[in-house]
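In: next comes the sequence, and after it the predicted model I'd like to discuss.
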Amino acid sequence: MANTQTVIATDRGAVRLSTMSGKLQGIPAINTNTLSNEFCQRQYSREKSNSSAKSVCTDCYSVKMLSTFRKSCVPRFEEHSQVLSDRLLEPHEIGRVFSDVLRINGHGELINDIHYRNICAIAEANPYTLVVLWTKRRDIINRVHGVYRMSRPANLQLIYSNPLTNRVLQRVPKHFDKVFNVIAPDTESPVPVNCYKACRECMLCYSHNTTDIIVEEIK
């Protein structure tokens, strides 16, 4: 992952875009530190169940990467975590994203309401970029849009990351646009696997379209 652009600059630090590798190659992302995220650590450390619908978080790629060959990214991602979750950003602290799409949480997860509200502010400051957020934190999304009734920027697409493997969720939760499901190979699914290419070749998640249930086989 290479640093491509500083998109947020504050007195507490900066947030820089990362260009992801592998399946996500060519997709700029704003990442945070999975290793210090209490929600992520709780999910990751849950006892591995014998159930066919275990939590996908117990096999988290981000924890593995940031604990080994991506250790050098941890200080930067931790800075991002602090900047995004500490206070609401001022408009002058948010810069332009020079890309058609921006992924939120290539690494990491929403930390708190402030974090999510700052993602909304980034989207509002970049109306020509489709900002796509993957999250399991329905509690935060429901609180911000349901309880506090904050409006959502039109260019912010919310994808609910189903935490259970082999249990395809076919109903999109309120306030979300799509559901991303993960199944083991050869698992019978009510929805055919439709995520099998590199993201830049597919773009199902990174565009407005009629496909709202996405299924991927575990690699």
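Out: Sure thing, it's come through.

In: now the helices: where do they sit in this structure?
Out: Per DSSP state H, the chain carries helices over the ranges 38-45, 61-67, 74-86, 113-125, 138-142, 199-202.

In: would you mind writing the CA trace of the third one as PDB?
Out: What follows is helix 74-86 as a C-alpha-only set of coordinates in PDB (Å, rounded to 0.1, in the frame of the first residue of the first chain):
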ATOM      1  CA  VAL A  74       0.000   0.500  12.100                       C
ATOM      2  CA  PRO A  75       1.300   3.900  13.300                       C
ATOM      3  CA  ARG A  76      -0.300   5.700  10.300                       C
ATOM      4  CA  PHE A  77      -3.600   3.800  10.700                       C
ATOM      5  CA  GLU A  78      -3.600   4.600  14.400                       C
ATOM      6  CA  GLU A  79      -3.100   8.300  13.700                       C
ATOM      7  CA  HIS A  80      -6.100   8.000  11.300                       C
ATOM      8  CA  SER A  81      -8.200   6.300  14.100                       C
ATOM      9  CA  GLN A  82      -7.400   9.200  16.500                       C
ATOM     10  CA  VAL A  83      -8.100  12.000  14.000                       C
ATOM     11  CA  LEU A  84     -11.400  10.500  12.800                       C
ATOM     12  CA  SER A  85     -12.900   9.500  16.100                       C
ATOM     13  CA  ASP A  86     -11.700  12.300  18.500                       C
END
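
In: just the residues contacting that helix, thanks.
Out: 3, 8, 10, 12-16, 30-37, 66, 107-108, 111-112, 114-115, 118-119 (CB atoms under 8 Å, 6 or more residues apart in numbering). Just so you know, the C-beta spots here come from the backbone N, C-alpha and C atoms, and that holds for glycine as well.

In: could you rerun that using 6 Å?
Out: 10, 12-13, 15, 31-33, 36, 66, 111-112, 114-115, 118 (CB atoms under 6 Å, 6 or more residues apart in numbering).

In: repeat that for the fourth one.
Out: Residues lying outside helix 113-125 but in contact with it, judged by CB under 6 Å, 6+ apart, are 84-85, 89, 94, 104, 110, 131, 140, 144, 153, 155-156.

In: most surrounded residue in the residues you listed?
Out: Leu84 (29 neighbours; other CB atoms under 10 Å).

In: need the per-residue pLDDT for the nearest residue to Gly26 once chain neighbours are set aside.
Out: Of all residues not flanking Gly26 in the chain, Arg200 sits nearest, at 4.4 Å (CB to CB, 6 or more residues apart in numbering). What the model reports for Arg200 is a pLDDT of 96.
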